[in-house]
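**Student:** Structure for the following, please:
(chains A and B)
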Amino acid sequence: MASTTQNSALRGLHEALQAIVDELARAGDAAGTPRVELERPRDEAHGDFATNAALMLAPVVRRNPREVAQEIAERAGALPGVTSVDVAGPGFINLTMGDDWFLETVEAALDAGDRFGADVVANAAPILLEFVSANPTGPLVAASARHAAYGDALARILRHAGHDVTTEFYVNDAGRQVDLFGASILARATGSDVPEDGYQGDYVTELAAELGVAAGDDPVELGQRGVAAMIAGMRTSLEQLGIRFDTFFSEKSLHESGAVDRGIEHVAAAGYTDDEDGAVILRTTTWGDDRDRAIRRANGVPTYFAADIAYLEDKFSRVGAGGHLIYVLGADHHGYIARLKGASQALGHEVDTPEIVIMQMVTLSESGEQKKMSKRRGDFVTAAELVDRIGADATRFWMLERSHDQQLEIDLDAASAQGDENPVYYVQMMHARLCSIRRNVEAAGLADGDASAANEPLHASEKRVIKRLSELPIVVADAAERRVPHRVHHYARELATDVSKFYRDCRVMGDGIDPAITARRLRTADAARSVLALALSLVGVSAPEAMERREVEGGEADA
RNA sequence: GCGCCCGUAGCUCAGCUGGAUAGAGCACCAGGCUUCGAACCUGGGGGUCGGAGGUUCGAAUCCUUCCGGGCGUACCA
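**Tutor:** Model prediction:
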């Protein structure tokens, strides 16, 4: 059982409110019980937290919302940490918390350390998470960096939330495209024309030189060697981003092991296929696909989709009963959803698995102009170039700035800037500043003061930081359940902003500051530092203890 | 044609499992450094949440429809 320490005082409050509502729902003979929300009111005058519990419950028990609110409020007022409750508007319940509650929250965050908000999911099923899976016929492109940043952050968040996660990269090292790649390499090496639909980029020429290609080489074998080289390069690019996959899964291995043939037999034996002029067709329209799909051609060769079926079956066997599959696919793959889910059911699995997340496109712009990207023409920005230009932390931070179902445009001018335009440095700076405060307090020998002797109320800015800290477990749970790592990115920025205000209003040490206040504020600063570092780590961004001092621009200010 | 995603401030976008006066960053204007890091902070201007209907006590959020943009629609991989 997860301890309340890890789950924070806020989660405890949330659960207590839910319990009150559950009870009133039962008492009111309601069919179900609504899920109540606990949120931060926009206006701080409304209290520290607010809940829509009464507004949710009222319709279920067919009573007046304000009346229900009054009833909930009476009970909520008795909850630990709550100092006052009031009912406002149509039936909002506003809660104000006492200083003790805030101080406990700080201690809870410090006790939990990097396990704060961990193990928050109820059903921690094992998850096999596949992402990137870029075609190995070229280098990793900048767009793939979005998939990489998203998938890796999601894996980190899911693990923190309690899931056992395996990350996987599916390598399309089989089929016609690999042969075509080999033929393109050979053509580049020998100076002949690249085949139609072949790969044109300069990287192919470079690769040919690297591989020491000679005129008589076998294009098929060259294709395999080329793929191996591209995968090695992708691994390097991913590692520059701090991303390491648990497994690279070879499509070719499915063909070689006979798994593809077995998959075809499996769905055929289940009675879901038709023979069409010698080809084997899977009736995916049974499950909502807009057309049936060939899995074996008339010439006997299995299609790409047949390998997908075998891969799906292999994944199911590895993740085990109760396990869960997540595919992260590009927007240009949305047509796969129906057929993949169809294949899953043809194999006898449940409807809602595998889960497919569609990532929208990302584009890069510079000087107000969008950069074109075409892999065939070889005209693209690689992930490695992007990282060289703006750095790994900025790449990951920017790639996670937006929801995955939103198209994203990254302005390279802003992303490579060292100043205000670049929020990643703002967040890191706040972390460095908190580290600096601790260093200063330690140097002054004030780090071990008695915080409990502090006898003035907490400043609003200090309370605001602590409220934000208390929300991390909820943010993690939400980001994990809804597969939205950008929530954690935004959380980190909000926390950084709160830290900045705390820094402004609550000097930790200095002349005239009571040592007890110094001790208490240092606890808050330490907790904020710990949670900020944790949030950054969940999105794969580093939390430096110090940053290079930035020189004053120009210098003519004094002139 | 059909299918999926999107349309919120000048720009890039949060908010979308319905709730209080629609937010952030950037850009713009005006201020602020003798003390823990100014990569910062304070204030200001800027919105028919693409349009129109509907459901609801309440809609940026749900439904219908139209308009606009992206992507897809292979016995390619």
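
**Student:** buried stuff in the strand or helix carrying A:Arg520?
**Tutor:** With the criterion set as DSSP states H and E, the secondary-structure element containing A:Arg520 is helix A:515-538. By neighbour count on 16 or more other C-beta atoms under 10 Å, the buried set for helix A:515-538 is A:515-538. Heads up, the C-betas are built off the backbone N, CA and C, glycines and all.

**Student:** Which secondary structure elements does that helix sit against?
**Tutor:** Helices and strands touching helix A:515-538, by 3 or more C-beta pairs under 8 Å, 6 or more residues apart in numbering; DSSP states H and E, are helix A:99-112, helix A:142-161, helix A:423-443, helix A:460-482, helix A:486-505.

**Student:** what's the most buried one of the ones you listed?
**Tutor:** Mean neighbour count, computed with mean count of other C-beta atoms under 10 Å, is highest for helix A:142-161 among the helices and strands packed on helix A:515-538, reaching a mean of 25.

**Student:** Can you give me the neighbour number for A:Ala76?
**Tutor:** Summarising burial for A:Ala76: neighbours were counted as other C-beta atoms under 10 Å, giving 20.

**Student:** So for the residue of chain A found nearest RNA strand B, what's the pLDDT?
**Tutor:** Among the residues of chain A, A:Gly175 lies nearest to RNA strand B; the distance is 2.4 Å by C-beta to the nearest atom of the strand. Looking at A:Gly175, its pLDDT stands at 91.

**Student:** Would you confirm that it contacts A:Tyr304?
**Tutor:** Yes: counting by C-beta atoms under 8 Å, a contact exists between A:Gly175 and A:Tyr304, whose distance comes to 6.3 Å.

**Student:** related to what we said a few turns ago, report the angle between the axes of the helix holding A:Arg520 and helix A:486-505?
**Tutor:** Angle between the axes of helix A:515-538 and helix A:486-505 is 160 degrees (criterion: axes from the mean of the first three to the mean of the last three C-alpha atoms, to 10 degrees).

**Student:** pLDDT (mean, whole number) over helix A:515-538?
**Tutor:** Taken as a whole, helix A:515-538 has an average pLDDT of 98.

**Student:** Only C-alpha atoms, please: export that helix in PDB.
**Tutor:** The C-alpha trace of helix A:515-538 is given here as PDB (Å, rounded to 0.1, in the frame of the first residue of the first chain):
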ATOM      1  CA  PRO A 515      17.300  31.900  12.500                       C
ATOM      2  CA  ALA A 516      14.100  29.900  13.100                       C
ATOM      3  CA  ILE A 517      12.600  31.600  10.000                       C
ATOM      4  CA  THR A 518      15.700  30.800   8.100                       C
ATOM      5  CA  ALA A 519      15.400  27.200   9.000                       C
ATOM      6  CA  ARG A 520      11.800  27.000   8.100                       C
ATOM      7  CA  ARG A 521      12.200  28.700   4.800                       C
ATOM      8  CA  LEU A 522      15.200  26.500   4.000                       C
ATOM      9  CA  ARG A 523      12.900  23.500   4.400                       C
ATOM     10  CA  THR A 524      10.500  25.000   1.900                       C
ATOM     11  CA  ALA A 525      13.400  25.800  -0.500                       C
ATOM     12  CA  ASP A 526      14.800  22.300  -0.100                       C
ATOM     13  CA  ALA A 527      11.400  20.700  -0.800                       C
ATOM     14  CA  ALA A 528      10.900  22.900  -3.800                       C
ATOM     15  CA  ARG A 529      14.300  22.100  -5.100                       C
ATOM     16  CA  SER A 530      13.600  18.400  -4.700                       C
ATOM     17  CA  VAL A 531      10.300  18.500  -6.400                       C
ATOM     18  CA  LEU A 532      11.500  20.700  -9.200                       C
ATOM     19  CA  ALA A 533      14.400  18.300  -9.800                       C
ATOM     20  CA  LEU A 534      11.900  15.400  -9.800                       C
ATOM     21  CA  ALA A 535       9.600  17.000 -12.300                       C
ATOM     22  CA  LEU A 536      12.500  17.800 -14.600                       C
ATOM     23  CA  SER A 537      13.700  14.200 -14.400                       C
ATOM     24  CA  LEU A 538      10.300  12.900 -15.300                       C
END
